[in-house]
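Trainee: Got a sequence here, can you model it:
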Amino acid sequence: MTSQQKHLSSERILSIPKVDIDDLECSICRGLLWKPVACQSCETSFCSPCINQWLIDHPKHCPNRCETYIERKCPPFIAKLLAQLNMKCFYQSHGCDQVTSYEEIDKHEIECGFQPRQCSGCKSEILEKNFDNHMGTCPLIDLKCQTCKLIFKRADFNQKHTEIICLKEQIRLLQNESKEYKHEIHELNLQLDEMRIIHPKIPIIKITFNDLQGGADSVYCIPVQYRELTWTEIKKHTIILLFGKPQFILLHWKDIDKITFESSGGTAHPGSDSGLGSQVILTQITIDTFE
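Mentor: Model (predicted):
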């Protein structure tokens, strides 16, 4: 039984067996019993939906004023009589001429192609069997362009969704996204400024290489406070050094986690006995905040 039906009418019975129809009637809705259950005390049968709603409004009370309602299966002869019934489809008025047994009527009506559905565009009642075709042609259905996200009626496609309109909408969306990103960047910059105010500036740190620990591994050629740090970005700087002349190298880097020095080879000093390439002596490094 569909949600459109308030009760199962006995008028839909195609052939009535030799029995008093009143025995198959729900005492609450006065319609034909649907999925019946009974009161254990008075053995009166009710539709399951009817008694469930009744108990919401009258907890634990039987409609026949029994002291306490205790549910049980309906009497077997009731179930047997109901199983003998042949029923007309609820959508007979819409053209369905299907005749189904009482036990199969629920399944048929859920799948019946003659049940009406409302079109979201024109609001017309369309039979289920014709609904997909109607939705594919209804001029008042809303369509949405997946590229520009514009929503328009199918009938307005040629006027409200031309190629130029679609391109303009895409540009508008990109402009809005750009504004959102700029706003986010502005907010992040404000947060960064607040952090700079709260936290003191990083002091100048002077590293003298006489204090550095030796070792072949360049990871250990840094002070203790710089070890075990995670590299978020690697920046490299390559410079050609002149023989015998001190040089000052200025690197405009910020937020340094770790510094390593590696030789890329080169030509050995003419006065050097070593064939390992250029030799460089670093005297000091000064790290300061970059304004």
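
Trainee: so where's the stretch 151-291 of the chain uncertain?
Mentor: Confidence mapping of the stretch 151-291 of the chain against pLDDT under 70 gives the ranges 198-291.

Trainee: let's see it at 90
Mentor: Applying pLDDT under 90 to the stretch 151-291 of the chain flags the ranges 156-162, 185-291.

Trainee: now swap in the stretch 1-150 of the chain and tell me
Mentor: Applying pLDDT under 90 to the stretch 1-150 of the chain flags the ranges 1-23, 27, 58-61, 65-68, 84, 149.

Trainee: What ranges does it have for its helices?
Mentor: Per DSSP state H, counting those that start in this stretch, the stretch 1-150 of the chain carries helices over the ranges 48-57, 76-83, 105-111, 128-135.

Trainee: For the last one, enumerate the helices and strands it packs against.
Mentor: The reference is to helix 128-135. If contacts are counted by 3 or more C-beta pairs under 8 Å, 6 or more residues apart in numbering; DSSP states H and E, helix 128-135 sits against strand 116-118. In this view, the C-beta of every residue, glycine as well, is placed from N, C-alpha and C.

Trainee: and for the strand it packs on, what are the contacting residues?
Mentor: The contact list for strand 116-118 (C-beta atoms under 8 Å, 6 or more residues apart in numbering) reads Tyr91, His94, Ser124, Glu125, Ile126, Leu127, Glu128, Phe131.

Trainee: so who does the fourth one touch?
Mentor: Under the criterion of C-beta under 8 Å, 6+ apart, the contact partners of Glu125 comprise Pro116, Arg117, Gln118, Cys119.

Trainee: Format those as a markdown table; extra columns: distance to Glu187 and neighbour count.
Mentor: A markdown table is the format used below for these (distance: C-beta to C-beta, whole Å; neighbours: other C-beta atoms under 10 Å):
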| residue | distance to Glu187 | neighbour count |
| --- | --- | --- |
| Pro116 | 53 | 13 |
| Arg117 | 48 | 14 |
| Gln118 | 46 | 11 |
| Cys119 | 45 | 15 |
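
Trainee: re earlier: including distance to Glu180 and mean neighbour count, could the helices of the stretch 1-150 of the chain go into a markdown table?
Mentor: Formatted as a markdown table, those follow (distance: least, C-beta to C-beta, whole Å; neighbours: other C-beta atoms under 10 Å):
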| stretch | distance to Glu180 | mean neighbour count |
| --- | --- | --- |
| helix 48-57 | 49 | 15 |
| helix 76-83 | 63 | 14 |
| helix 105-111 | 47 | 15 |
| helix 128-135 | 35 | 13 |
